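> Take a look and give me a structure for this.
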Amino acid sequence: MQKERAIPEGYMTVGELAKKMGTTVRTLQYYDQEGVLSPSAESIGGRRLYTYKDMIRLHQILSLKSLGFSLSDIKDRLISLNTPAEVADILAQQASVVKEKIEVLSESLNAIEALKEEVLQMQTVDFKKYADIIINLQLDNEYYWLIKHFDSDTLDHIRSRFDIESGRLFMDRFNQLNEDIIALKKSGIAPDDEKAQRLAEQFWNMVMEFTDGDLRMLPKLMKFGNLKGENRDWVQKQTIVNEYIQPALNIYLSKIGVNPFKEVR
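Residues are numbered from 1 along each chain as shown. Here you go, the predicted model:
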């Protein structure tokens with residue numbers, strides 16, 4: 001009986017290992033069944049014994065498990081730990097995975113903080129808008145903050161007119177047009193100049209593309225020239241663009257015989 005209880009130096013029972021590593025005997029038994037971590041030896045009485053090398057491997061397994069890896073994934077990632085280089089290699093792999101997880105968590109934290117700011121600025125509970133903002137944050141759309149300024153009808157219109165890719169392309173084209181308008185303004189080109197009129201035509205065409213010809217949306221879109229509470233470069237640029245393009249647009253619309261606000265009424 002004394003022989004069965006004797007544990008060789010450098011070995012520990014499954015219970016001792018579980019206690020040292022803050023896990024359970026059942027978990028270690030399961031890892032053994034799955035071939036992820038088996039005991040290194042057996043006592044004379046048939047007790048399963050683990051070494052400190054097994055302890056390091058268990059640490060490796062538990063770390064990977066906490067990072068969301070399945071046991072099959074972990075099996076593929078386990079390497080031998082017979083040399084300092086091999087131990088350093090697995091630690092480097094774990095560090096790399098942890099860094100990736102930190103990056104993902106940092107992005108999630110930033111998204112949560114951004115959504116919190118949008119929610120507070122909206123001052124109303126609108127889960128549909130929250131969902132739109134979350135989706136755009138996940139897609140790294142830098143214009144997610146615009147969503148809170150749209151009413152429900154406009155948002156429904158946008159959802160029906162644009163998918164993710166076409167919406168992104170539209171914003172890219174619109175921003176490029178804004179840059180061209182700002183460059184023209186800096187050059188001192190008059191609103192009635194041919195170059196200014198070409199840009200006014202492009203601007204109007206984009207308005208028609210966005211609204212799908214529904215001129216009732218124009219008053220709502222005009223509000224975006226003066227977004228209160230938004231200290232963003234895009235808003236400041238839009239203010240500069242609107243100051244220049246408005247007179248050029250008035251001239252262009254007069255030439256083609258269009259009075260959009262009269263038609264809205």
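> Secondary structure element for Asp54, which one?
Assigned by DSSP states H and E, Asp54 belongs to helix 52-66.
> Ok, Met12 next?
Element membership for Met12 (DSSP H and E) is strand 11-13.
> After the helix holding Asp54, which helix or strand is next?
Counting by DSSP H and E, what follows helix 52-66 is helix 71-77.
> Going by contacts, tell me the helices and strands next to that following helix.
Counting contacts by 3 or more Cβ pairs under 8 Å, 6 or more residues apart in numbering; DSSP states H and E, helix 71-77 packs against helix 52-66. Every residue, glycine included, has its C-beta placed from N, CA and C.
> what's the burial count for Tyr52?
Neighbours of Tyr52 under the rule other Cβ atoms under 10 Å: 13.
> what do you get for Asn205?
As a burial measure, Asn205 scores 11 neighbours (other Cβ under 10 Å).
> helices or strands up against the helix holding Asp54?
Helix 52-66 packs on helix 14-21, helix 25-33, helix 71-77, helix 84-122, going by 3+ Cβ pairs under 8 Å, 6+ apart.
> can you tell me which of the ones you listed comes nearest to Glu243?
Judged by Cβ to Cβ, the one of those that comes nearest to Glu243 is helix 84-122, at 25.1 Å.
> Work out the gap between that closest one and the centre of the chain.
Helix 84-122 has its C-alpha centroid displaced from the chain centroid by 11 Å (Cα atoms, centre = their mean, to the nearest Å).
> and it, what other elements does it pack with?
In this structure, helix 84-122 packs against helix 52-66, helix 127-138, with contacts taken as 3+ Cβ pairs under 8 Å, 6+ apart.
> Now do it against helix 52-66, angle only.
Orientation check (axes from the mean of the first three to the mean of the last three Cα atoms, to 10 degrees): helix 84-122 against helix 52-66 gives 20 degrees.
> Using JSON lines, lay out the helices and strands packed on helix 52-66 together with mean pLDDT and mean neighbour count.
Output for the helices and strands packed on helix 52-66, formatted as JSON lines (pLDDT from 0 to 100; neighbours: other Cβ atoms under 10 Å):
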{"stretch": "helix 14-21", "mean pLDDT": "91", "mean neighbour count": "16"}
{"stretch": "helix 25-33", "mean pLDDT": "92", "mean neighbour count": "15"}
{"stretch": "helix 71-77", "mean pLDDT": "76", "mean neighbour count": "13"}
{"stretch": "helix 84-122", "mean pLDDT": "75", "mean neighbour count": "12"}
